[in-house]
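A.B. asks: Dropping the sequence and predicted coords here.
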Amino acid sequence: MRALWQRLRFWARLVLRDGLALYIAARDVRTPWFAKLLALLVAAYALSPIDLIPDAIPVLGLLDEVILLPIAIALIARLIPAVVIAESRAAAQAMVERPRSKAGAAIIIGIWVLGAGALLWWFFTR
C-alpha cells in the first residue's frame, strides 16, 4: 500500500511539473499560437484549485488529476517543439525542486494576519 502512495505522489509531482512546463512553454515565442492557447488553458486548470470533478466525490474526484490532466498535457506537449518542451521541463523541475522557506511562509502569513486584524480593528472602531 505504501508503494502505491509513493507512486501516486511521484505521478502528482510529474503532473505539477509538466503543468508548470506548459505554462513556461506557452510564454516562449517558438511555441505555435494554438499550442500556447491550449497550454495556458491546461496549465491554468492544472494549477487551479477548481476542478471539473470535485475532489469531494470519492474516486471520481481524482479522475481528472490522474487521467484527464496527464492525457491533456501529453497531447499538448506534442504540439510544442521538442527543444522548447525540454527547456520548459528543465526550468519547471528547477522551480519545483527549489527549497521552500518556512520562515518566509511564516512572515507572509503573519503579514496577512496583521492586515486582517488591522482591518477588523478599523471596522469595529468606527
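C.D. replies: All right, it came through fine. Numbering: from 1, shown residues only.
A.B. asks: I figured Pro54 hits Leu63, correct?
C.D. replies: No: contact criterion Cβ atoms under 8 Å: Pro54 and Leu63 do not qualify, at 10.7 Å. Quick note: C-beta positions are derived from backbone N, CA and C, even for glycine.
A.B. asks: Settle it for me: which of the two has more neighbours?
C.D. replies: Leu63 (15 against 10; other Cβ atoms under 10 Å).
A.B. asks: Just the pLDDT for that one.
C.D. replies: Here, the pLDDT recorded for Leu63 equals 71.
A.B. asks: what's the answer for Thr31, then?
C.D. replies: On the pLDDT scale, Thr31 gets 91.
A.B. asks: Isn't it up against Val84?
C.D. replies: Yes: counting by Cβ under 8 Å, Val84 is a contact partner of Thr31 at 5.6 Å.
A.B. asks: Please enumerate the shared neighbours of those two.
C.D. replies: Common neighbours of Thr31 and Val84, counting by Cβ atoms under 8 Å, 6 or more residues apart in numbering, are Ala25.
A.B. asks: which intervals of this protein have sub-threshold pLDDT?
C.D. replies: 47, 55, 59, 99-101 (pLDDT under 70).
A.B. asks: So which residues of it form helices?
C.D. replies: Per DSSP state H, the chain carries helices over the ranges 2-26, 33-47, 63, 69-79, 82-97, 102-124.
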